[in-house]
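1. Okay, here's the prediction I keep looking at, along with the sequence it came from:
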Amino acid sequence: MARNNSKELGEKPIGKLLIQQAVPASVGILVMSLNILVDTIFVGNWIGPIAIAAINVVLPVSFFIAALGMAIGIGGSSIISRALGANDKLKALRTFGNQITLTFLLSIGLVIPGLIFVDSLIPAFGGKGDIFDPAKIYYIIVLCGVPLLAMAMMGNNVIRAEGKPRFAMTAMIIPSVVNLVFDYILINKLNMGMEGAALATTASYFCCLAYIVWFFLSKNSELRISFSHLSLDWPILKEMSALGVVTLARQAVVSVTYLLMNNILFDLGGEDSVTVYAIIARMLMFALFPVLGVTQGFLPIAGFNYGAEKFDRVRKSINTAILYAFLMGLFIFFGIILFAENIVGIFTQEESILAQTPSAMRWVFAAIPIVTIQLIGAAYFQAIGKAVPAFLLTLSRQGFIFIPLVLILPIYYGELGVWISFPIADVLSTIITAYFLNREIRRSLK
């Protein structure tokens, strides 16, 4: 029998519980981010800076399809956490079964047109000039493996909803190690270039999914589903979709942001400017790992205790998560401010890139400490199943504020306008989220 770890979410002290949940999540995200970071360093040094820009062009498409799995995983996991808190095991099982079926159908359904329209999609996302050919090579191979990633990301969130963060961490570490090993063999030793980078990435997706399948088939999981749970259930799909659309919308906005940034920066400064953004985007993925770990650890705690109507624990989990995330954000901020030049030098020795990237990176990270409030606040509404405010607050940062800014400010300030759009959007979205979070706490958590 699997140990019922989910009960601990409603019993252990919040501070200890958040560390227990957040540390494995942070380590998993760290390793995954290091994978992306080192992958970029390998590609930049072994293939060239154009290859960095090429991968950055492909990411929005592949990440959006993979985000379906994450969206379904997080949306369903919110239901699973609350169902386990309310001792409704059947609903948890049916939700998980629906997650599997829906992720498989949607990811396959999007990959096919993604491959058909490859020659139109790559230029649309900024793959122009010298970037097009390497981007196309990488895109075709990686997209074929994206359904595996979508299933893995869905399953990883369900593992976390069960209160098994160490298994979720391992699921994130495995593909990172596999990718780096295959990068070294295929790119450095076999000189396979972009094909090698793409094959290494796809192999990592397969290994991640294999581990997650093993977890659910073993005695480690509480969710022992049968074929009857795989049939689609409309009430569950409706609730899961309402919550999952928050994550999907966030990734859709990220994909649109990549599209806009790649095209705007290409028009302003050519391939070099796209490479600058690619390096900064990798650092955002990497540097925020402890903050995202706290956010991931916070979700099942808030969801479980809200489902169990332990509102004092929900309030304490919010305050503790914000404090931990803020301290992490402060540490990240000072690290970027002090060592921006050293960081950029790891990726490339191209003088034009070294000259442009550090100042841009400092602008992008300028408001990171306070944006942690925005991340925790939006996550809270998702954890408790309130889809509309979760949706609006999640989109407020990049969708409602950043995208209009990045379309307007470069007209007047050129590339500087692109970079200052980041901290302005962070500050404004944090103010909005803090207001609605405080109002929700006063109204609902009595």
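-> Thanks, I have the structure now.
2. only C-alpha atoms for contact and neighbour calcs from this point on.
-> Will do.
3. tally of neighbours for the closest residue in space to Gln99 that isn't next to it in sequence?
-> Computed as C-alpha to C-alpha, 6 or more residues apart in numbering, the closest residue to Gln99 that is not its neighbour in sequence is Ile72, at 6.0 Å. Neighbours of Ile72 under the rule other C-alpha atoms under 10 Å: 34.
4. Summarise which helices and strands the helix or strand harbouring Ile72 is packed against.
-> Assessed by DSSP states H and E, Ile72 sits inside helix 49-85. Applying 3 or more C-alpha pairs under 8 Å, 6 or more residues apart in numbering; DSSP states H and E, we find helix 49-85 packed against helix 14-46, helix 89-116, helix 132-161, helix 234-287, helix 289-307, helix 368-383.
5. Out of those, the one nearest Val61 is which?
-> With C-alpha to C-alpha as the measure, helix 234-287 is the member of these nearest Val61 (6.9 Å).
6. looking just at contacts, which helices and strands does that closest one meet?
-> Counting contacts by 3+ C-alpha pairs under 8 Å, 6+ apart, helix 234-287 is packed against helix 14-46, helix 49-85, helix 89-116, helix 311-347, helix 351-364, helix 387-395.
7. Can you name every helix or strand that the last one contacts?
-> This means helix 387-395. Contacts defined by 3+ C-alpha pairs under 8 Å, 6+ apart place helix 387-395 against helix 234-287, helix 368-383, helix 415-444.
8. Report the distance from the shortest one to the chain centre.
-> Pointing back at helix 368-383 there. Computed by C-alpha atoms, centre = their mean, to the nearest Å, the separation of helix 368-383 from the middle of its chain amounts to 14 Å.
9. That one to helix 49-85, inter-axis angle?
-> Comparing the axes of helix 368-383 and helix 49-85 via axes from the mean of the first three to the mean of the last three C-alpha atoms, to 10 degrees yields an angle of 40 degrees.
10. Report the distance from stretch 15-30 to the chain centre.
-> Centroid displacement of stretch 15-30 relative to its chain, using C-alpha atoms, centre = their mean, is 16 Å.
11. re the thing from before, looking at the helices and strands packed on helix 234-287, which is closest to Leu260?
-> Leu260 lies closest to helix 49-85 among the helices and strands packed on helix 234-287, at 10.8 Å (C-alpha to C-alpha).
12. Give me the mean pLDDT for the closest one.
-> Averaged across helix 49-85, the pLDDT comes to 81.
13. again, but for stretch 406-416
-> The pLDDT scores in stretch 406-416 average 95.
14. In that stretch, which residues are buried?
-> By neighbour count on 16 or more other C-alpha atoms under 10 Å, the buried set for stretch 406-416 is Val406, Leu409, Pro410, Glu415.
15. Inside helices: which ones of these?
-> The helices, defined by DSSP state H, take in Val406, Leu409, Pro410, Glu415 from the buried residues of stretch 406-416.
16. so which of those residues comes closest to Ser77?
-> The closest of those to Ser77 turns out to be Val406 (C-alpha to C-alpha; 33.8 Å).
17. Please report the distance of the closest one from Ser359.
-> Noted for Val406: a distance of 17 Å to Ser359, by C-alpha to C-alpha, to the nearest Å.
18. likewise Val118?
-> Distance of Val118 to Ser359, given as C-alpha to C-alpha: 34 Å.
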